[in-house]
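J.: sequence first, predicted coordinates after that:
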Amino acid sequence: MLRIEIDKVKSKAIKILSLMLLLVVCSFDGYSQDTTAFFSAFYAQQVNDSVIEMWAPEVSDGYYGYIEKKQSSAGNIWQQITPLDSMKFQEHIYDTFYYDCKDTLSYRLIQHHSTFGNPNEINVSIERQFVVGDVVMPDMPENSLFSVDIDVEKLVFTFAPSVAEDVLGYVICKGNPCVALDTIWGKENTRYICSTCDVTEVSQLAIMSFDSCYNTSLRSDKLNNMVLRAESKDCSSVYALSWNEYNNMPAGLKEYEVHLINNGQDHIVFTTQNTYCDIDLYPWQNDKKIYVKAVSYDVFFANSNAVEIKDGGVDTLEYINIDNVSVNMDNKTISLEISLDNSKLVDFYQLFRKKGDEEFKHIKNIPYSPESVLMIEDNVGEEILSTTYSYYLLAPDVCGNIFTRSNTASTFKSSVEEINTKVNRVTWNSCRLFPVERYEVYRYEQSDLVAEFIGESNTNSFEDRHNGLTSYADKLYYFVAAIERDNNRELHISNSSHSFIKKESVFWIPDAFDPTEGVILDIQTFKPKLAYIRKDTYSFEVYNRYGTLLFSTKDVEKGWDGTYKGQLCPLGVYAYKVQFINSKGKMETHSGSFLLYD
């Protein structure tokens, strides 16, 4: 009875051991195994940078085997690397490899029973895996600095080269999070000019090195540049300076030096461990620049931007430019287009004007505008005839000091003369505001709202061959438009002053009128023929023999059609009265009679 129980225990132990050994043996890629063979483990180790050693304990007779290998750089496909034979696996097998950069190698042992025909007699060992090649990240660049090059006013990132021998270059990143900005090729290229950085704004840069296998180092600490601000205290010679702290200075931050450049000489005028100070610039004459230098306990330093101080104050605007000056159609108003630096607040701009050779006079203050382009209308209070008007703009700072002045821009003038009854010649001086591609010439009557384009010229004159043109107005006006040459930007058009030609007034009226014949001959109405008069003073009236007003108008285009209250008037003699101011400025009255006939 006792022996039977012992046999049962042994039987259970054998089953459990068989199951445990089955769990140790692995199956891959469709291979299978049974529990009757291949209970031995497969071993492998990396001997050095280029050799893998493999072996297994001796197995039973009648089995054949080989070793398979796969690598990530070759697509992770298993390939047989030893022949199928009856070798005893206590032998050591060596695989030699040469990989400059990182790769993953995997090995496994495949065993076959000598019958070969049964797939269940194929056994697969556990897989041994090795990461080989260059897997070491390069050293991070050290002693990084982010500083302004005062001479060129550019932000420059400098650093010591990585000590790793196979470094190919560096990656610069910017912001938070740090986004790749640029790549620097070459281990010894350790100076980077940040073209996208503004010296007047705080930026953050960091750096990583990369080697020939494109392994990257850790990212350096982020560095920020210093931005200096300067403001006059109560419009005095004392200036309040402030700047942001410089972080991650190699060897530690010792102090800040305040530098002043005056007459080409660089002076240290103050040292502090704070990020602010007051300095009196009274002893320093003429224009000057101030910047701050962060100094380490070693040889390292970083500069802020330089602030330019004019003699008496801070320059408010970097530029003001009058781009265009043009005379409007009313011939009394001049339009100015001005581009300016709107990044700094000023109370107002001062506009100056002069007529011809007179002195410049301050004519108005223009409120500050956040726009970068100002459009100004200036009514000069009179007709702008054969003369020029010139302008410039000043921008005073908050203390009333004036350092920024625009260019001087002037209108150009035109003139006209009568060559004969059929030709008027228009001439003008050149427009100096911009490169001119061509000049266009326009003509209009005094009361017209739209000018008529009559031709163009590449010189400074144009002949208007009007072929005896008559006008109801006593003046014919001309002006010239200068068209800017196309420089791949929006074109400017500048109009000249307006000039006019005045002719003798012309009056004629027929002495008879046939309404019926008028319809046939397309002579619809009875009216005077006029030229070169003051249209706004014109009136025309028709009476019968009894003094009854039959028709009246102030429109030079309208005439009498021979009717009164919708009925055709009888034949007979009628009277007319015409009044207007002539081209000499005198009132003319013309009255008489005419015959209405059929």
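T.: Great, that's in hand.
J.: quick one: residue 246 and residue 301 touch, right?
T.: No: at 9.4 Å, residue 246 does not count as touching residue 301 under the criterion of CB atoms under 8 Å. In short, each C-beta sits where N, CA and C put it, glycine included.
J.: more neighbours, those two?
T.: Comparing residue 246 with residue 301 by other CB atoms under 10 Å, the one with more neighbours is residue 246, at 25 against 17.
J.: what is in contact with residue 246 and residue 301 at once?
T.: Common contact partners of residue 246 and residue 301 (CB atoms under 8 Å, 6 or more residues apart in numbering): residue 294.
J.: which stretches of this structure form helices?
T.: Counting by DSSP state H, the segments of the chain that form helices are 2-24, 515-520.
J.: lowest average pLDDT across those helices?
T.: When the helices of the chain are compared by mean pLDDT, helix 2-24 comes last with a mean of 35.
J.: any idea how the chain splits into domains?
T.: For the chain, the structural domains run 20-132, 142-224, 228-314, 320-410, 414-502, 506-596, going by automatic domain parsing.
J.: show me what the mean pLDDT comes to for the third one.
T.: For domain 228-314, the per-residue pLDDT values average out at 89.
J.: kindly report the same for the fifth one.
T.: Average pLDDT, domain 414-502: 85.
J.: the closest residue in space to residue 131 that isn't next to it in sequence: neighbouring residues, count only.
T.: Nearest non-adjacent residue to residue 131, counting by CB to CB, 6 or more residues apart in numbering: residue 104, 5.5 Å away. Counted with other CB under 10 Å, residues neighbouring residue 104 total 16.
J.: kindly report the same for the one 5 residues further on.
T.: Taking other CB under 10 Å as the neighbour definition, residue 109 ends up with a count of 27.
J.: pretty sure it sits against residue 127.
T.: No: with contact defined as CB under 8 Å, residue 109 does not reach residue 127; the gap is 9.6 Å.
J.: please list all residues in contact with the spatially most central residue of the chain.
T.: Geometric centre of the chain, nearest residue: residue 196, 12.1 Å, by CA atoms, centre = their mean. Listed by CB under 8 Å, 6+ apart, the contact set of residue 196 reads 174, 181.
J.: ok, it to residue 225 distance?
T.: Look at residue 196 and residue 225: by CB to CB, to the nearest Å, they are 13 Å apart.
J.: what about residue 205, distance to residue 154?
T.: Per CB to CB, residue 205 is found 13 Å from residue 154.
J.: neighbour-wise, which of those two wins?
T.: Neighbour totals were compared for residue 205 and residue 154, and residue 205 leads with 23 against 14 (other CB under 10 Å).
J.: hang on, that one packs against residue 222?
T.: Yes: counting by CB under 8 Å, residue 205 sits close enough to residue 222 to count as a contact (6.9 Å).
J.: number of residues surrounding residue 551?
T.: Residues within reach of residue 551, counting by other CB under 10 Å, total 21.
J.: grab the nearest non-local neighbour of residue 149.
T.: Among residues not flanking residue 149 along the chain, residue 156 sits closest, at 5.1 Å (CB to CB, 6+ apart).
J.: ugh, typo on my part, it should be residue 427
T.: Using CB to CB, 6+ apart and skipping the chain neighbours, the partner closest in space to residue 427 is residue 461 (4.6 Å).
J.: enumerate every residue touching that neighbour.
T.: With contact set as CB under 8 Å, 6+ apart, residue 461 has these partners: 425, 426, 427, 428.
J.: just confirm the second one contacts residue 441, I think it does.
T.: Think residue 426. Yes: Residue 426 is in contact with residue 441 according to CB under 8 Å; the separation is 5.7 Å.
J.: which neighbours do these two share?
T.: Residues touching both residue 426 and residue 441 (CB under 8 Å, 6+ apart): 462, 464, 478, 480.
J.: highest neighbour count among those residues?
T.: Within the shared contacts of residue 426 and residue 441, neighbour counts (other CB under 10 Å) peak at residue 480, which reaches 28 neighbours.
J.: burial count for the closest residue to that one other than its chain neighbours?
T.: Distances taken as CB to CB, 6+ apart put residue 496 closest to residue 480, at 4.3 Å, once the chain neighbours are dropped. Residues contacting residue 496 under the criterion other CB under 10 Å number 27.
J.: for residue 496, phi and psi?
T.: Backbone dihedrals for residue 496, given as degrees, to the nearest 10, come out at phi -80, psi 180.
J.: which residues are in contact with it?
T.: Residues in contact with residue 496 (CB under 8 Å, 6+ apart) are 327, 411, 412, 413, 414, 428, 431, 479, 480, 481, 482.
J.: likewise residue 359?
T.: Per CB under 8 Å, 6+ apart, neighbours of residue 359: none.
J.: how far away is the residue lying closest to residue 516 once chain neighbours are set aside from residue 513?
T.: Leaving aside its chain neighbours, residue 516 sits nearest to residue 598 (6.1 Å; criterion: CB to CB, 6+ apart). Distance, residue 598 to residue 513, using CB to CB: 11 Å.
J.: just residue 423 next, same as before
T.: Taking CB to CB as the measure, residue 423 falls 35 Å from residue 513.
J.: more crowded one of these two?
T.: Neighbours were counted for residue 423 and for residue 513 using other CB under 10 Å; residue 513 has more, 22 against 14.
J.: give me the number of residues near the nearest residue to that one once chain neighbours are set aside?
T.: Counting by CB to CB, 6+ apart, residue 513 lies nearest to residue 526, which is 4.1 Å off, once chain neighbours are set aside. A count of neighbours around residue 526, defined by other CB under 10 Å, yields 23.
J.: how about residue 168?
T.: 18.
J.: just the pLDDT for it.
T.: Reported pLDDT at residue 168 in the predicted model: 94.
J.: show me the shaky parts of the stretch 101-250 of the chain.
T.: By pLDDT under 70, the low-scoring segments of the stretch 101-250 of the chain are 113-121.
J.: the strands in it, which residues?
T.: 103-113, 122-124, 128-132, 142-149, 154-160, 167-174, 179-185, 191-193, 204-211, 223-224, 228-232, 238-243 (DSSP state E, counting those that start in this stretch).
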